[in-house]
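Student: Mind looking at a prediction? Sequence and model below.
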Amino acid sequence: MKNNEKVSDSFLTSSGKELSEATPSASSYTTVVRDKNIKGVVSNWLAEMKLRHKPLGFDYQGVEILEVKPEDLTSVAIALYAYGFNYLRNQCAYDVSPGGNLASVYHLTKLDADVDQPQEVCLKVFLPRENPRVPSVFWIWKTADFQERESYDMFGIYYEGHPHLKRILMPENWVGWPLRKDYITPDFFELQDAY
């Protein structure tokens, strides 16, 4: 470097532009809306159809999240299937807090040959810890089969109407629901004696 050259404080990209020139401004990024009062496309459509739900905002990828009561899940799921959400990408469950509610979560995707970025929506059904029951969506999306069984096996959520709801990972005679936050792991020697 020569003595009369100015040392730049900015970084250069591989194209030789300063990083500040090459990086899009903050205003050019798509902002993810986290305001629970703003309804998305799916929420607006469900409201037009008079189907009960509660918008919970959007996740970090911009996927709309909706809360549905257990008694409304079947009608909302059928409506979304008719709307074009033909693929249940994932069904899972989680324990909201020790001693609190459980949640059954459904990630739906609208697959269409003409679309580069498929539309997605996430449904959450919050259930009481004691006797958590929710209708099965197996009859709408067959991919719910093993996923609902896993949620039953790990959290004890009973999916009403599921054709073969039984444990899938744990032994049939296992006591308790291993992924609940209040689950107490059995002593190794108790397990050894039991099996």
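Tutor: Structure's in. What do you need?
Student: list the contacts for the residue lying closest to residue 84 once chain neighbours are set aside?
Tutor: Using CB to CB, 6 or more residues apart in numbering and skipping residues adjacent in sequence, the residue nearest residue 84 is residue 110, 4.5 Å away. Quick note: C-beta positions are derived from backbone N, CA and C, even for glycine. Neighbouring residues of residue 110 by CB atoms under 8 Å, 6 or more residues apart in numbering: 83-87, 118-120.
Student: For the chain, just list every one of the helices.
Tutor: Taking DSSP state H to define them, one finds helices in the chain at 19-22, 41-48, 73-83, 144-155, 188-194.
Student: Output these as a markdown table; include the columns mean neighbour count and distance to residue 127.
Tutor: Shown next, in a markdown table, are the helices of the chain (neighbours: other CB atoms under 10 Å; distance: least, CB to CB, whole Å):
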| stretch | mean neighbour count | distance to residue 127 |
| --- | --- | --- |
| helix 19-22 | 11 | 49 |
| helix 41-48 | 16 | 20 |
| helix 73-83 | 18 | 10 |
| helix 144-155 | 21 | 9 |
| helix 188-194 | 9 | 29 |
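Student: Span of stretch 87-102 from start to end?
Tutor: In stretch 87-102, first residue to last residue: 24 Å (CA to CA, to the nearest Å).
Student: could you list every residue that touches the nearest residue to residue 180 once chain neighbours are set aside?
Tutor: The spatial neighbour of residue 180 that comes closest, neighbours along the chain excluded (CB to CB, 6+ apart), is residue 95 at 5.1 Å. Under the criterion of CB under 8 Å, 6+ apart, the neighbours of residue 95 are 102-103, 155, 179-182.
Student: what's the spacing between residue 95 and residue 54?
Tutor: 20 Å (CB to CB, to the nearest Å).
Student: Would you point out the most distant pair within the contacts of residue 95?
Tutor: 103 and 182 (15.2 Å; CB to CB).
Student: Compare those two (neighbour count), which wins?
Tutor: Neighbour count, other CB atoms under 10 Å: between residue 103 and residue 182, residue 103 has more, with 19 against 12.
Student: who's the more buried one bridged to?
Tutor: Counting by DSSP bridges, residue 103 forms beta bridges with residue 94, residue 126.
Student: what's the burial count for the nearest residue to residue 123 once chain neighbours are set aside?
Tutor: Spatial nearest neighbour of residue 123, excluding adjacent residues (CB to CB, 6+ apart): residue 106 at 4.3 Å. Residues near residue 106, counting by other CB under 10 Å, number 26.
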